[in-house]
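Q: predicted structure and sequence below. I'll ask about it afterward.
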Amino acid sequence: MTSKRSERGAGSQAAIPAPPRAEARPVTLSAHGLSWVDDYAWMRADNWREVLGDPSRLPADIRAAEVFLRRLDLPLRAPDALHIAVAHRIGAELATFDTKMAAAARTLGVPLVIL
């Protein structure tokens, strides 16, 4: 018995969109007699050093995601927990293909759109 494999032409697959790229905003930094250019320093929170000493100074979304991750009844990964926390804070519906993430969001009372 032979099996047939589907053959696709070069143009038959949908084009995969390019991932988003963060804007480069070069800043020259220096320490210990060395200088370097950091294109993405603008992404770092202004209070990042304070947060290292006092995690309670983290943004509310990150603290909420941490609480969700510590719940043993919610099988969440960090990015999923953060997305749920943001949706919860802004009162948005969470759209997802992930059934585990949807179940966790439902448990937390976040409105869902399952794709």
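A: On my side now, so go ahead.

Q: which residues are in contact with the host helix or strand of Pro79?
A: Taking DSSP states H and E as the definition, Pro79 sits inside helix 78-90. Outside helix 78-90, the residues that touch it by Cβ atoms under 8 Å, 6 or more residues apart in numbering are 60-62, 64-66, 68-69, 74, 76, 92-94, 98, 100-101, 104-105, 108-111. To be clear about C-beta, it is placed using only N, CA and C from the backbone, and glycine gets the same treatment.

Q: give me the mean pLDDT for that helix.
A: Helix 78-90 shows a mean pLDDT of 91.

Q: how about stretch 57-69?
A: 89.

Q: if you count neighbours, what's buried in it?
A: Neighbour-count burial for stretch 57-69 flags Leu58, Asp61, Ile62, Ala64, Ala65, Phe68, Leu69 (criterion: 16 or more other Cβ atoms under 10 Å).

Q: residues making contact with that stretch?
A: Stretch 57-69 has contacts (Cβ under 8 Å, 6+ apart) with 45, 47, 50-51, 56, 74, 76, 78, 81-82, 84-86, 88-89, 104, 108.

Q: try 10 Å
A: 45, 47-48, 50-51, 55-56, 74, 76-90, 104-105, 107-108 (Cβ atoms under 10 Å, 6 or more residues apart in numbering).

Q: and these, which are buried?
A: 74, 76, 80-88, 104-105, 108.
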